[in-house]
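*Asks:* Give me a model of this one.
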Amino acid sequence: MTHSKRRLDLALIFGMAAVILLPWYRIEGGFFGFGWLSSFPSDPSTAPGILEIASFGRWWLAIAVGLFLLGGVARFFDNPMRRGALMAWAGALGFVFLALQGLAITSSGWTWAIGEQLFGALADGQPAMGAGAVTLGIVFVLLFSFGLAERGIMKGDAFVVSAITLLIVLVAIFVFYPVGSMFVGAFQSVDGSFNPDGFIANMQDPSLWSLSCVVGGDRCGLAWRTLWLAIMTASGSTLLGLCFALVATRTQFPFKKALRLLTILPIITPPFVVGLALTLLFGRAGVVTEAISSLFGTEPGRWLYGLTGIWIAQVLSFTPISFLVLIGVVEGVSPSMEEASLTLRANRWRTFWRVSLPLMKPGLANAFLIGFIESMADFGNPMVLGGSHGVLSTEIFFSVVGAQNDPSRAAVLAMVLLVFTLSAFLAQRLWLQGKSFATVTGKGDSGAHIALPRGLSIAVHALVIPWMLFTIVVYLMIIFGGFVRTWGLDNTLTVEHYVKAFSIGLRDDGGLAWTGVAWNSFWTTMEIALISAPLTAAVGLLTAYLIVRQKFVGRGLFEFALMMSFAIPGTVIGISYIMAFNLPPLEMTGTALILVACFVFRNMPVGVRGGVAAMSQLDKSLDEASLTLRADSLRTIRKVILPLLRPAINAALVYSFVRAITSISAVIFLVSAQYNMSTAYIVGLVEDGEYGVAIAYSSALIVVMITIIAGFQLLVGERRLRRVNRVATQTSTPASASLAQEKTA
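*Replies:* Numbers count the residues shown, from 1 in each chain. Okay, here's the model as predicted:
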């Protein structure tokens with residue numbers, strides 16, 4: 001039996017399960033509650049697909065099953081071209097048919113008269129497509145992919161074709177579809193009718209594009225303020241991230257473990273907590289402000305509330321992301337190239353500037369791009385510290401939920417933000433285009449990296465050490481806030497906030513009772529975060545592999561589409577998901593699935609950018625050697641590529657897990673009573689004035705996240721490049737190092 005027929009048999013098995021075993025309509029209480037199994041005899045609407053055909057004459061369902069069986073007929077064709085053509089046509093027609101049938105459904109039934117006449121009425125109260133329809137849709141995509149592979153597309157590599165096709169479908173469903181439904185609102189009035197007047201008026205609004213600050217006015221327009229803040233944040237976070245990476249990998253700094261911990265802390269903290277800590281330090285009644293005022297007799301200022309305060313908070317929050325992206329890139333620079341430069345009589349400074357730093361360009365570009373987009377999409381820090389200096393993300397939020405109630409303005413502002421972020425993405429692509437950064441090959445390596453130039457070493461330490469001390473002070477204030485009765489007013493020490501949040505009692509039967517008010521949201525958050533993190537890392541790194549290693553039509557557009565979900569503020573993502581998935585065909589509002597989908601496709605670009613940066617350093621000869629030895633693409637990825645991408649895997653796991661816990665802007669629209677995430681619950685505590693409980697909850701989350709991140713590190717492991725283990729000192733040279741190595745041998 002050939003590999004192609006084995007793949008087809010596997011797809012047919014899943015398709016038969018969808019048709020024979022699974023329900024085809026939305027199940028109240030959720031599919032995985034399995035309540036539909038017991039309710040089937042009394043509730044025919046939960047019947048599997050084959051029984052629906054037999055009992056109710058669902059002709060549209062019969063057509064879908066018929067197309068599936070048509071793909072199964074290809075199993076009996078020996079000619080690969082004929083078999084591939086039949087599989088591809090059956091898969092394409094089946095998926096399009098299911099998609100059109102699903103889009104024709106609304107909560108009240110069919111929107112197209114021809115759909116009602118042709119397909120028949122749906123069961124009352126069960127209009128959304130269920131597990132059977134979704135599973136068969138995936139099978140149709142696989143049939144289409146296997147058919148293309150049979151016909152020689154992508155050199156007949158079924159894994160690559162299937163991965164590309166599935167990712168395109170998923171991006172179309174979870175990125176284009178919700179964002180497109182939201183953008184339609186830019187040309188609609190409140191009642192949903194077409195009205196472009198709102199789009200034109202909002203696009204010409206002087207408060208958006210004003211340049212009055214250039215000619216002596218108070219402030220520039222909203223768009224320019226946001227753009228300038230994003231550039232400054234991206235520059236600061238990239239510079240600090242590079243300094244942290246250099247200190248951690250190229251110096252003899254004695255506190256490297258503490259350094260790595262401090263670079264992780266800001267990313268695992270709910271964003272408003274950092275803002276509150278900065279307010280307690282530098283606000284009008286802050287500790288530092290009052291100390292300076294009493295010492296110099298000056299009036300307390302409000303400098304923290306505005307772009308300056310937002311910038312400090314964003315650099316503090318986003319520097320760890322830059323560090324996670326850059327650490328693997330800095331480690332991946334080949335010592336052989338640096339030693340070759342020294343052999344040619346270049347000094348250490350010239351070697352770093354002309355050899356090492358250019359090889360870090362993929363990491364620098366990706367770190368800057370991520371910092372830029374994160375600043376554009378940030379919602380928590382501007383909400384706490386923005387004051388009257390709003391940015392695009394906060395204005396979008398108030399346009400939807402505030403007194404304005406202007407969805408058209410929110411959509412226009414989202415379009416402006418998207419133009420900025422995609423422009424940055426295009427600039428990054430142009431900067432790196434046509435250049436090679438491969439430094440990890442199959443050849444042996446000579447040893448450790450050379451030491452940093454003395455002046456550069458002093459400079460990076462001068463930046464890193466004060467920033468470490470500043471971060472320590474900020475987090476001491478956060479810890480202190482959890483153990484005082486009223487933060488900033490009554491500093492009496494107490495543990496009542498932790499007791500209220502995480503108390504545990506005993507039930508009458510002797511079992512544990514989670515009596516704390518935070519336990520429900522805590523367990524829900526952990527469950528969803530642990531599910532979404534590996535999915536995000538897997539999808540992101542697979543996408544990076546396809547972008548870097550494969551050439552296919554529309555690759556550039558595909559990469560742009562991936563960045564779209566990351567470029568748009570979480571507020572807009574949340575609203576667009578509500579608009580898209582609150583109605584059939586995919587009715588997911590109020591479920592855990594919509595939260596997992598949001599986290600995966602919102603955070604996936606970080607895994608993509610980190611994977612692209614790391615994979616750009618892996619020479620293609622490694623892949624070619626594996627393929628020459630008759631390994632397929634899947635085995636090459638598993639045995640060759642993934643072990644060399646451990647820093648990128650760890651970064652993707654850590655970032656996606658942490659963002660699933662600390663994200664607020666999108667989550668606040670998607671949570672429900674059953675699935676209430678920690679950040680949404682903490683926001684509710686803050687609104688109720690329960691600052692101590694909110695900070696205690698945040699502190700507990702930080703401890704839990706540090707523990708799980710350490711587990712990720714142990715699980716993934718470290719990348720081993722088979723380099724000789726020796727330490728390069730500031731006085732070592734290639735010749736002396738070689739002599740020492742010979743003596744050791």
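*Asks:* Look up how far Phe176 lies from Leu417.
*Replies:* 17 Å (Cβ to Cβ, to the nearest Å). For every residue, glycine as well, the C-beta is placed using N, CA and C.
*Asks:* again with Gly102
*Replies:* Counting by Cβ to Cβ - Gly102 and Phe176 are separated by 15 Å.
*Asks:* Could you do Leu422 as well?
*Replies:* For Leu422, the distance to Phe176 (Cβ to Cβ) stands at 14 Å.
*Asks:* between Leu417 and Phe176, which one's more packed in?
*Replies:* The residue with more neighbours, out of Leu417 and Phe176, is Leu417; 26 against 15, by other Cβ atoms under 10 Å.
*Asks:* Just the buried residues of the helix or strand where that one lies, please?
*Replies:* For Leu417, the enclosing helix or strand under DSSP states H and E is helix 407-432. With burial defined by 16 or more other Cβ atoms under 10 Å, the residues of helix 407-432 counted as buried are 407-418, 420-421, 424-425, 428, 432.
*Asks:* Now the residue most central in space within the chain: closest residue in space, sequence neighbours ignored.
*Replies:* The centroid of the chain falls nearest to Asn603 when counting by Cα atoms, centre = their mean (0.6 Å). Leaving out its chain neighbours, the residue that sits closest to Asn603 by Cβ to Cβ, 6 or more residues apart in numbering is Ser656, at 4.5 Å.
*Asks:* And the average pLDDT for the helix or strand in which that neighbour is found is what?
*Replies:* In this assignment (DSSP H and E), Ser656 forms part of helix 646-662. Mean pLDDT, helix 646-662: 79.
*Asks:* Mind exporting the C-alpha coordinates of it to CSV?
*Replies:* Once non-C-alpha atoms are left out, helix 646-662 reads as follows in CSV (Å, rounded to 0.1, in the frame of the first residue of the first chain):
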residue,chain,number,x,y,z
ARG,A,646,14.8,25.2,21.1
PRO,A,647,15.2,28.9,22.0
ALA,A,648,12.4,29.8,19.6
ILE,A,649,10.2,27.0,20.9
ASN,A,650,10.7,28.1,24.5
ALA,A,651,10.1,31.8,23.6
ALA,A,652,6.8,30.8,21.8
LEU,A,653,5.6,28.7,24.7
VAL,A,654,6.5,31.2,27.4
TYR,A,655,5.0,34.2,25.5
SER,A,656,1.8,32.4,24.5
PHE,A,657,1.2,31.0,27.9
VAL,A,658,1.8,34.3,29.7
ARG,A,659,-0.3,36.3,27.3
ALA,A,660,-3.2,33.9,27.7
ILE,A,661,-3.1,34.7,31.4
THR,A,662,-2.3,38.5,31.3
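*Asks:* In that helix, which residues are buried?
*Replies:* Applying 16+ other Cβ under 10 Å to helix 646-662 flags 646-662 as buried.
*Asks:* Show me what it is packed up against.
*Replies:* Counting contacts by 3 or more Cβ pairs under 8 Å, 6 or more residues apart in numbering; DSSP states H and E, helix 646-662 is packed against helix 307-332, helix 519-549, helix 592-615, helix 678-687, helix 691-716.
*Asks:* Compile these into JSON lines and extend it with columns for distance to Val667.
*Replies:* As requested, the helices and strands packed on helix 646-662 are exported to JSON lines (distance: least, Cβ to Cβ, whole Å):
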{"stretch": "helix 307-332", "distance to Val667": "17"}
{"stretch": "helix 519-549", "distance to Val667": "9"}
{"stretch": "helix 592-615", "distance to Val667": "7"}
{"stretch": "helix 678-687", "distance to Val667": "6"}
{"stretch": "helix 691-716", "distance to Val667": "14"}
